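Engineer: Just to be clear, the model below is a prediction. Sequence and coordinates:
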Amino acid sequence: MHLRELSALTGYRIAASQSQAPIGRLAGLAYVFGTWHVGDLIAAPDGSAASELRIPTDSVVEVDDATRTIRAGLSPAELRAASSRGARVQYAADAAALVGCRVGGHDGEAGVVTDVLVNVRFWQLRYLVIRHGGRTVLTDMEWCDEVDPDERLLTLGVPSRTVATAPPYPGLGAMCRGDEAVLYRHYTSRW
């Protein structure tokens, strides 16, 4: 699977193609609302007071979990130049800001976002990890109709009960492709 928890990715070193020295550490992911495409990695630079770096996701060639490194296929100078040009598209927000947001179904409260699962092959936000009562469940980003950053609220296009009765999230290490199919059936057959 190409899924990673945002909380686990945060802090990964970001390195250029041939360099062992990181140019920064992952601090967030800039995404587009609706498509949930991640266009830029947001990096906190290492060893300097410089502002954040924006690394285009289409330059990423490897996500190495063993060394906690994201490697871009660009030289350090090319990465800094790409970052100084800024985002090529106006991205809505940083995915890290979704964590801690309240989640509402179309009929009421449905929990709080505790993490976001990211597909690092296609660089897309894939699932919200939601704490509802004493349970942790997932919902597909496709069910998210609105993000209100001022209210720190995500509104889903499903009833809150559908979230409450979703299959429990076993943790990323225990998930398989079949779990995604069960989750999809749960959300599509409930309303």
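Structural biologist: Looks like it came in fine. Please read all numbers here as calculations on a predicted model, not as lab measurements.
Engineer: Let me know the next secondary structure element after the helix or strand of the chain with the lowest mean pLDDT.
Structural biologist: For the chain, using mean pLDDT, DSSP states H and E, the weakest element among its helices and strands is helix 76-85, scoring a mean of 73. The helix or strand immediately downstream of helix 76-85 is strand 93-94, counting by DSSP states H and E.
Engineer: could you say what helices and strands that following strand packs with?
Structural biologist: In terms of contacts (3 or more CB pairs under 8 Å, 6 or more residues apart in numbering; DSSP states H and E), strand 93-94 is packed against strand 22-31. For every residue, glycine as well, the C-beta is placed using N, CA and C.
Engineer: The strand it packs on - what's its average pLDDT?
Structural biologist: Summarised as a single mean, pLDDT over strand 22-31 is 91.
Engineer: what does stretch 183-191 give?
Structural biologist: Mean predicted confidence for stretch 183-191 is 80.
Engineer: Could you check it and say which residues are buried?
Structural biologist: By 16 or more other CB atoms under 10 Å, the buried positions in stretch 183-191 come out as 183, 186-187.
Engineer: Which of these sits closest to Leu138?
Structural biologist: Lowest distance from Leu138 to those (CB to CB) belongs to Leu183, with 5.9 Å.
Engineer: OK, contacts around that closest one?
Structural biologist: Neighbouring residues of Leu183 by CB atoms under 8 Å, 6 or more residues apart in numbering: 138, 140, 166-167.
Engineer: Taking those together, which two end up most distant?
Structural biologist: Asp140 and Pro167 (12.4 Å).
Engineer: So for the two, which sits in the more crowded spot?
Structural biologist: Legend: neighbour count by other CB atoms under 10 Å for Asp140 and Pro167, higher for Asp140 (18 against 13).
Engineer: partners of the closest residue to the more buried one other than its chain neighbours in the sheet?
Structural biologist: Nearest non-adjacent residue to Asp140, counting by CB to CB, 6 or more residues apart in numbering: Tyr127, 5.9 Å away. In this entry, Tyr127 is beta-bridged to Leu117, Asp140, by DSSP bridges.
Engineer: Can you get me a residue count around Tyr127?
Structural biologist: When counting by other CB under 10 Å, one arrives at 25 neighbours for Tyr127.
Engineer: Which pLDDT does the model give it?
Structural biologist: 96.
Engineer: low pLDDT regions in the protein?
Structural biologist: Scanning the chain for pLDDT under 70 picks out 1, 47-50, 84-92, 190-191.
Engineer: the longest helix in it is where?
Structural biologist: What stands out as the longest helix in the chain, according to DSSP state H, is helix 177-189.
Engineer: Now name the helix or strand holding Val147.
Structural biologist: Secondary structure from DSSP H and E places Val147 in strand 144-148.
Engineer: Partner strands of that strand and their direction?
Structural biologist: strand 153-156 (antiparallel).
Engineer: who touches the strand it pairs with?
Structural biologist: Under CB under 8 Å, 6+ apart, the answer for strand 153-156 is 98, 101-106, 110, 113, 128, 139, 143-148, 163.
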